[in-house]
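>>> next one to model:
(one chain, ligands or ions: 1)
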Amino acid sequence: MPNDSRTMSLIAFLQAQNCSNYVGSWRHTLSMTDFLTPDYFTRIARTLEDARFDMAFFDDRLAMPDIYGRSHDLAVRHGIRSVKMDPTPILMAMAGATSHLGLGATYSTTYYEPFHVARLFATLDLMTGGRVAWNVVTSLNDSEAANFGVSEHLEHDLRYDRADEFLEIVTDLWSAWDSDALVLDKDTGLFADPAKVHRTDYAGKFFRLNGTFPVPRSPQGQPVLLQAGSSGRGLRFAGRWAEVVFTAYSGKDAGIAQYQAIRRAVADAGRDPDTVTVAPAVGVIVAETEQLAQEKKALLADLARPEDGLALLCEVINTDLSGRPLDEPFTDAELAQMSWHGLRDRVIQLSGTANPSVDDFVRYSGRGSLNEGATFVGTPTQVADQMEAWFTSCCDGFVLSAASVPGTYEDFARLVVPELQRRGLSKTEYAGSTLRSNLGLPITDSAKAATVEVGR
Ligand SMILES: Cc1cc2nc3c(=O)[nH]c(=O)nc-3n(C[C@H](O)[C@H](O)[C@H](O)COP(=O)(O)O)c2cc1C
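Coordinates of the predicted model:
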């Protein structure tokens, strides 16, 4: 959202699991192993709030990576995202340890129901005083389908059609209670004005819903919507709904083109692109000297195992690649079957071949390894220089991916944030108490804050 005094949004990418999205991270000597306890997450939350991060958000996957070799053996043996807890209770633990940090969780429009998600996130938003975001995903593979009693994952574009209906319902439910609906007048006995609480009647291709939503409006009106799809259909969906777009760039030049494409998609949907925050995932490896940073990077890169990338790749393209020669090109028919079009198209583009092989996919998808193109390495000044160059050309903020936990967050908070603050690029204080106000997102009619404060 360009303007003269803009500051970058800082968002931390978290996983409710044993590792970060860099699977080798759990093997790092300094990685904490108490990831099954709230302490692990509340420590991170406090570090992020001290550094004035806008938000921490959790990705999600509704199955173990068990498509490679049709077995969970490798994933469990090597800790390849083999733990995946529900992010929402963890988010509440982090909320209790902080007062301003925004908190987001990924929830799937393919496997959950609109009423459930609307009520869960509306409640979380109330319980955190308006600090919650929902990362809308359509999920990726047949293992997730199987966990919900479905034999096959829904086709790519149909998933987005279903997601559109899902969002139509959820946003309608979230606006069911007008911001001044609650009265709480004990003398007259009027609890709330029924004329200001609206019923939802919806009949679509995927969903029917008839009812009155039982959760009043929160201090930020409604939770913030995040989205991360990158195909043509995914971008159309983001253009219509996303308030924060979480994306991945392979480098600055690719980022400039993607940034424009996202902003165009928002404008095409009749919205103002300056009201949407675009934040690519980046890694940061920082130290007091350049040499120390390079040594740190080498140590981290050494933690990756070749099978990590393969297992994670099978998971996201929904295909078992075990036994396939690594240099055999995928046919057009196989490429058409893959469930993540955005990733597939990125590999085709970066590899320069229309029919990439498994090797190409491992190399250019960055799965299981440090993503070279989007990892800033160096001293605090060098890292801040690179972030500034992206911020002034192709994004409004960053989603910080950890190469070790809590190491990446702590190093970034202590070394890079003071330099960003000194340059006026990141905030030194929170603008308000809600996530929406800290991200500078507009308060639309449907996102009007509650005017009655309960229990104060
Ligand atoms: C940066 C990024 C992060 C994502 N995180 C998740 C996630 O946590 N869980 C999930 O199921 N899908 C995730 N996805 C997948 C998308 O939600 C979407 O299903 C996928 O990108 C396929 O859509 P596309 O072909 O439009 O890209 C992510 C995608 C991107 C680009």
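>>> off-centre distance for stretch 351-359?
Centroid displacement of stretch 351-359 relative to its chain, using CA atoms, centre = their mean, to the nearest Å, is 27 Å.
>>> CA atoms of that stretch as CSV?
Extracted in CSV, the C-alpha atoms of stretch 351-359 (Å, rounded to 0.1, in the frame of the first residue of the first chain):
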residue,chain,number,x,y,z
SER,A,351,13.9,-24.2,-15.1
GLY,A,352,13.4,-22.9,-18.6
THR,A,353,11.8,-26.2,-19.7
ALA,A,354,8.1,-26.9,-20.4
ASN,A,355,8.5,-30.4,-19.1
PRO,A,356,10.7,-30.3,-15.9
SER,A,357,12.0,-33.4,-14.2
VAL,A,358,11.9,-34.4,-10.4
ASP,A,359,15.3,-32.9,-10.1
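>>> and this protein, what are its domains?
If you go by automatic domain parsing, the domain ranges for the chain are 9-287+377-447, 305-369.
>>> average pLDDT for the shortest one?
I take that to be domain 305-369. Averaging pLDDT along domain 305-369 gives 91.
>>> and it, end to end?
Terminal residues of domain 305-369 are spaced 8 Å apart (CA to CA, to the nearest Å).
>>> go on, stretch 70-82?
14 Å.
>>> what's that stretch in contact with?
With CB atoms under 8 Å, 6 or more residues apart in numbering as the test, stretch 70-82 has contacts from 15, 17-19, 23, 26-27, 61, 64-66, 68, 305, 307-308, 311-312, 315, 320, 322, 368. Backbone N, C-alpha and C define where each C-beta goes, glycine included.
>>> ok, stretch 306-313 near the ligand or not?
No - legend: contact between stretch 306-313 and the ligand by CB under 6 Å from any ligand atom is lacking; minimum distance shown is 11.9 Å.
>>> what are the buried residues along that stretch?
307-313 (16 or more other CB atoms under 10 Å).
>>> please apply the same query to stretch 97-112.
Those would be 97-98, 100-112, for stretch 97-112 by 16+ other CB under 10 Å.
>>> would you mind measuring the gap between the ends of that stretch?
28 Å.
>>> I'd like the distance between Ser393 and Met387.
According to CB to CB, to the nearest Å, Ser393 stands 11 Å off from Met387.
>>> okay, the two: which has more neighbours?
Met387 (24 against 12; other CB atoms under 10 Å).
>>> what residues does the helix or strand where Glu419 lies touch?
Glu419 is located in helix 417-422, with elements delineated by DSSP states H and E. Contacting residues not belonging to helix 417-422 are listed as 8, 10, 51-52, 380-381, 383-384, 387, 426-428 [CB under 8 Å, 6+ apart].
>>> list the buried residues in it.
417, 419-421.
>>> ok so, going back, and which of the buried residues of stretch 306-313 is nearest the ligand?
Of all these, the ligand sits closest to Leu312, with 11.9 Å by CB to the nearest ligand atom.
>>> hang on, the closest one packs against Val23?
Yes - using CB atoms under 8 Å, Leu312 is in contact with Val23, at 6.8 Å.
>>> distance of Ser108 from the ligand?
As for Ser108, its distance to the ligand is 6 Å (criterion: CB to the nearest ligand atom, to the nearest Å).
>>> and what of Gly69?
According to CB to the nearest ligand atom, Gly69 and the ligand sit 21 Å apart.
>>> skip the chain neighbours and tell me the closest residue to that residue.
Ser322 (4.1 Å; CB to CB, 6 or more residues apart in numbering).
>>> quick check on the one you found: phi, psi?
When read as degrees, to the nearest 10, the backbone of Ser322 gives phi -70, psi 140.
>>> can you count the residues close to it?
Based on other CB under 10 Å, the number of other residues close to Ser322 is 14.
>>> for it, give me its contacts.
Ser322 neighbours (CB under 8 Å, 6+ apart): 68-70, 310, 314.
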